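Novice: pasting the sequence and the predicted coordinates here, then a few questions.
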Amino acid sequence: MKEQVPAPGPAPRILVVDADRLTLGLLEEWLRAAGYEVVKGQADDAAAPEGVALAIVDVPFARSGVERLQRFAARHAGTPILALSPTFFSNVKCTGDCARSLGVSGVLPKPIARDALITAIEDLLRPAG
């Protein structure tokens, strides 16, 4: 008898915040290909859409965007947040001191690599334990 494969559940929703048009297009392509649903937003939006599993925030200049990023993280407590910025060094550990100092779950330097992005998302969405 052939084993039944369970039907996949709904695609996890990822909120992409403050990304420029080109970055947004690339993230949408990569995330959809990896099985995620993409929702667009702005850091100053009053509330995130419901059912968001993770938020990706594009931060052009980490130093000047720190307060805005921290306010966003405070409003979305409990939601893993991955910050992207060209000002992060390539050797910065995704979930290390830099992420903690910004009040987010993880950081990635831009330009980003598809595999690094998907790995970071999977790691942040994996249940602890």
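Specialist: Ah, there it is.
Novice: show me the beta-bridge partners of the most centrally placed residue in the chain.
Specialist: Nearest to the geometric centre of the chain sits Ile56, at 2.7 Å (C-alpha atoms, centre = their mean). Under DSSP bridges, the beta-bridge partners of Ile56 are Val16, Leu82.
Novice: Leu15 is in contact with that one, correct?
Specialist: Yes. At 7.1 Å, Ile56 counts as touching Leu15 under the criterion of C-beta atoms under 8 Å. Glycine gets a C-beta too; all of them are placed from N, C-alpha and C.
Novice: before we move on, back to that, who's in contact with the residue nearest to the centre of the chain?
Specialist: 14-17, 19, 27, 81-84, 121 (C-beta atoms under 8 Å, 6 or more residues apart in numbering).
Novice: let me know the pLDDT of it.
Specialist: For Ile56, the model assigns a pLDDT of 95.
Novice: what does Leu31 give?
Specialist: Reported pLDDT for Leu31: 97.
Novice: look up how far Ala73 lies from it.
Specialist: 20 Å (C-beta to C-beta, to the nearest Å).
Novice: sounds good, over and out.
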